[in-house]
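Asks: Need coordinates for the below:
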Amino acid sequence: MESGSAISKLFSFLGDVRQEANKVSWPSRKEVVVTTVIVFVLAIVFAIFFNVVDVIVYKLIHFVIGR
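Replies: All right, here's what the predicted structure looks like:
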């Protein structure tokens, strides 16, 4: 009897999950594409920025040390 109770609880839980998923306000395809593009562009911009800062600090340290 224990396994039947566990299976019914599992199906009840999955039904609850489905009900909650239906309440979610999902973004449109356009919103997903736009935010994805923004994330990639910002990642590239920050990568370039940190690379430039790294090169400047590297050259400054080597200038101060004299190597």
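Asks: tell me, what residue is most central in this structure?
Replies: Residue closest to the average C-alpha location in the chain (CA atoms, centre = their mean): Val39, at 9.2 Å.
Asks: How about the contacts made by that one?
Replies: If a contact means CB atoms under 8 Å, 6 or more residues apart in numbering, then Val39 has no contacts. (C-beta placed from N, C-alpha, C; glycine too.)
Asks: Tell me the secondary structure at it.
Replies: helix (DSSP: H, G, I helix; E, B strand; the rest coil).
Asks: In terms of pLDDT, where does it sit?
Replies: Per-residue pLDDT puts Val39 at 98.
Asks: For Lys59, see how far away it is.
Replies: 31 Å (CB to CB, to the nearest Å).
Asks: same thing with Ser25?
Replies: From Ser25 to Lys59 the distance is 50 Å (CB to CB).
Asks: okay, these two: which has more neighbours?
Replies: Neighbours were counted for Ser25 and for Lys59 using other CB atoms under 10 Å; Lys59 has more, 10 against 4.
Asks: quick one: what helix or strand has that one in it?
Replies: helix 29-65 (DSSP states H and E).
Asks: can you give me the offset of that helix from its chain's centre?
Replies: How far helix 29-65 lies from its chain's middle: 17 Å, per CA atoms, centre = their mean, to the nearest Å.
Asks: Check stretch 6-21 too.
Replies: For stretch 6-21, the distance to the chain centre is 27 Å (CA atoms, centre = their mean).
Asks: in it, what's buried?
Replies: By neighbour count on 16 or more other CB atoms under 10 Å, the buried set for stretch 6-21 is empty.
Asks: tell me the secondary structure for Pro27?
Replies: Pro27 is classified as coil under three-state DSSP.
Asks: residues near it, how many?
Replies: Counted by other CB under 10 Å, the residues lying close to Pro27 total 11.
Asks: State the distance from the closest residue to it other than its chain neighbours to Ala43.
Replies: Distances taken as CB to CB, 6 or more residues apart in numbering place Thr35 nearest to Pro27, at 7.7 Å, with adjacent residues excluded. Per CB to CB, Thr35 is found 13 Å from Ala43.
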